[in-house]
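Participant: pasting the sequence and the predicted coordinates here, then a few questions.
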Number of protein chains: 2
Amino acid sequence: MAAEVAEQPTVLARLLAEGAAPAREVASILAGRSPRFVLLAARGTSDHAALYAKYLVEVLLGLPAGLASPSTMTAYGVRPDLRDVLVISVSQSGTSPDLVEYTEVARSCGATTLAVTNAPGSALAETAELHIDVQAGVERAVAATKTYSAELLALWQVIDALRGGDGSAAEGVPSRASQLVGRRHEVAELASRYRFADRMVVTGRGFSYPTAREAALKLMETSYVAAHAFSGADLLHGPLAMIDEERPVVAVVPDGVGATAMAPVVERLASRGADLLVLGGQQTREWGTARFTLPPAPEELAPVTDIVPLQWLALEMSLARGFDPDRPRGLSKVTETW
Amino acid sequence: MAAEVAEQPTVLARLLAEGAAPAREVASILAGRSPRFVLLAARGTSDHAALYAKYLVEVLLGLPAGLASPSTMTAYGVRPDLRDVLVISVSQSGTSPDLVEYTEVARSCGATTLAVTNAPGSALAETAELHIDVQAGVERAVAATKTYSAELLALWQVIDALRGGDGSAAEGVPSRASQLVGRRHEVAELASRYRFADRMVVTGRGFSYPTAREAALKLMETSYVAAHAFSGADLLHGPLAMIDEERPVVAVVPDGVGATAMAPVVERLASRGADLLVLGGQQTREWGTARFTLPPAPEELAPVTDIVPLQWLALEMSLARGFDPDRPRGLSKVTETW
């Protein structure tokens, strides 16, 4: 897991160079279809990449989007009218039977289908009409890390090309990844305060909500912490009640609109005496009881690399507890669900 | 809270009688618009009603649907093309500024807008073009109960009318609610096994996934338990690792397709030694280490009343811990988010 976290600058640099042309090609086909609605289908870590893509589609393309509930087609047998719909299926292995079936049915129902995987020969890549290879190389650790950030960047590349971008906004991504990979020691120090925490909350808003979700999943997978993720708004609608001094909160608030929208949430958390670790930029320099300063980035691209210190956090917490982050109990690398 | 849980048979019977005509009226207007996509916007408990409606829309109407991310319009200022889109906003109080603004913007972007609230004079009811009143009466407890089941039934009524149903499938709902309300003592016994649990997982699939989500929220709000909800499929993609003998699991599996799809999940849970409470019907009579038998119901309508024993569970756990379920710490009845 540590090797794969550290490999991310290389993976992202490769994708930036080699993924640009395929992304433009897919985008030009998609533009010809003029989709009016986008559905995203994924599970686990890839579901958080899908959620990031939902924000990209809505904010950068101005198209309504939703996360698919594959069971409606695979278990309940629904055959909806999906003309004018773009279905994007995201999966590192490209093998989960429910995603393959969902994509196949969606295609037969008239959707334009695009698979984003780390496995160009996989069933999912072959079932979808279009495919993007995130080119992350073999991932051995059960907890996905480099395939996650690569999925994010690949999705951004396609959507940026669709809105007429030239991809240059992402030029700084590999060096930002590199900076964050190099700050493992800083995260290790922060991790020590959570040595005995068995419940945590991770929160963010807008583009950073997927980062909060993915961080919580990494913590659950590797440290067995009951880590909850909430969007800042949803946190105030109920779950706030379970937060007290014993329940550490991690807020992901890179500079931008999402951080502005999080200000009232952080205020409420402070008034409840919450122990708050802020991963944030300049806007949030007064917030929190502990802090990890994120380097500047365009808000829409920050999630590609903001996850790095949170991957380190999950890894360091797992090691501090005497677990093996490379072998989470009860899990295997490829999860097949129906 | 107890009085409001117990009031649900009356509330649902009233809505069944008085809500049928307004539902048909709204449905006939919606049918004239022929929406091609449905977006659902809500927060907290109402977000789970929205998720239920997403399954109804997809399965009963065969239309693609998604949950809205209001921040894309309210914080990021996006103005998407929403012609042919039906936006359903669900909120008991009808006052949360972000939902009101989202609905207003959606309407100005061409969407047909429908608000489902318990407050016909509210800002949300007046902002949306169409409104359905769930007629649940004043709800005093912070933890929403009767407004939740009423929202579910009201959403079902509109969608059933849209597919040409006459509403008769729901005739048994109030008496099933009554049966389940009357079994509080049975739930109190089950609650005793969770007296010292501070982490729980609730799971379900398809139509029952919203029930799992809502049950987890009630547990967080009233008992401050770190209760996680996962769809059965997502549980296997990572979170399974944090489940052991110390982490009780509650599975919501009324008879139907969702229960069939949950069989492999329950097998995996059993093989990890999980303590499993099954709320289920005949199909699942061999499952679990503890059991609450659900009376029969059409699968699509079971969620309207399956929540009752889980509301009792949250209440009984709160009382057993010496908390006041009517005054969850840190929360107020109306949550305003921007």
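Facilitator: Okay, I see it. Numbering: from 1, shown residues only, chains lettered A, B, ... in the order given.

Participant: and stretch A:38-47, end to end?
Facilitator: In stretch A:38-47, first residue to last residue: 14 Å (C-alpha to C-alpha, to the nearest Å).

Participant: please identify the helix or strand for the nearest residue to A:Leu130 once chain neighbours are set aside.
Facilitator: Closest residue to A:Leu130 apart from its sequence neighbours, by C-beta to C-beta, 6 or more residues apart in numbering or on different chains: A:Leu114 at 4.4 Å. Quick note: C-beta positions are derived from backbone N, CA and C, even for glycine. Counting by DSSP states H and E, the element that carries A:Leu114 is strand A:112-117.

Participant: could you give the mean pLDDT of that strand?
Facilitator: Average pLDDT, strand A:112-117: 98.

Participant: quick one, phi/psi of A:Ala65?
Facilitator: With angles defined as degrees, to the nearest 10, A:Ala65 sits at phi -140, psi 160.

Participant: what about it, distance to chain B?
Facilitator: For A:Ala65, the distance to chain B equals 6 Å [C-beta to the nearest C-beta, to the nearest Å].

Participant: surely that residue and A:Pro35 touch.
Facilitator: No. Counting by C-beta atoms under 8 Å, A:Ala65 sits too far from A:Pro35 to count as a contact (9.7 Å).

Participant: who's more crowded, these two?
Facilitator: Applying other C-beta atoms under 10 Å in any protein chain shown to A:Ala65 and A:Pro35 shows that A:Ala65 carries more neighbours, namely 28 against 23.

Participant: return the residues in contact with that one.
Facilitator: With contacts defined as C-beta atoms under 8 Å, 6 or more residues apart in numbering or on different chains, the neighbours of A:Ala65 are A:Phe37, A:Val38, A:Leu39, A:Leu40, A:Ala53, A:Lys54, A:Val57, A:Glu58, B:Gly66.

Participant: burial of A:Ser28, as a residue count?
Facilitator: By the measure other C-beta under 10 Å, the count of residues near A:Ser28 is 11.

Participant: please name the nearest non-neighbouring residue to it.
Facilitator: Closest residue to A:Ser28 apart from its sequence neighbours, by C-beta to C-beta, 6+ apart: A:Ala161 at 7.8 Å.

Participant: element containing the one you found?
Facilitator: Remark: A:Ala161 resides in helix A:146-162, with elements defined by DSSP H and E.

Participant: list the buried residues in that helix.
Facilitator: A:146-162 (16 or more other C-beta atoms under 10 Å in any protein chain shown).

Participant: and for stretch A:18-34?
Facilitator: Neighbour-count burial for stretch A:18-34, with 16+ other C-beta under 10 Å as criterion, is recorded at A:Gly19, A:Ala20, A:Pro22, A:Ala23, A:Arg24, A:Val26, A:Ala27, A:Leu30.

Participant: quick one: which of these is nearest to chain B?
Facilitator: Of all these, chain B sits closest to A:Leu30, with 16.0 Å by C-beta to the nearest C-beta.

Participant: against A:Leu130, how distant is that closest one?
Facilitator: Here the distance between A:Leu30 and A:Leu130 works out to 8 Å (C-beta to C-beta, to the nearest Å).

Participant: list of residues touching stretch A:126-139?
Facilitator: Under the criterion C-beta under 8 Å, 6+ apart, external residues in contact with stretch A:126-139 comprise A:4, A:7, A:11, A:14-15, A:18-19, A:22-23, A:26, A:29-30, A:89, A:92, A:100, A:103-104, A:107, A:112-120, A:125, A:145-147, A:150-151, A:153-154, A:157-158, A:333.
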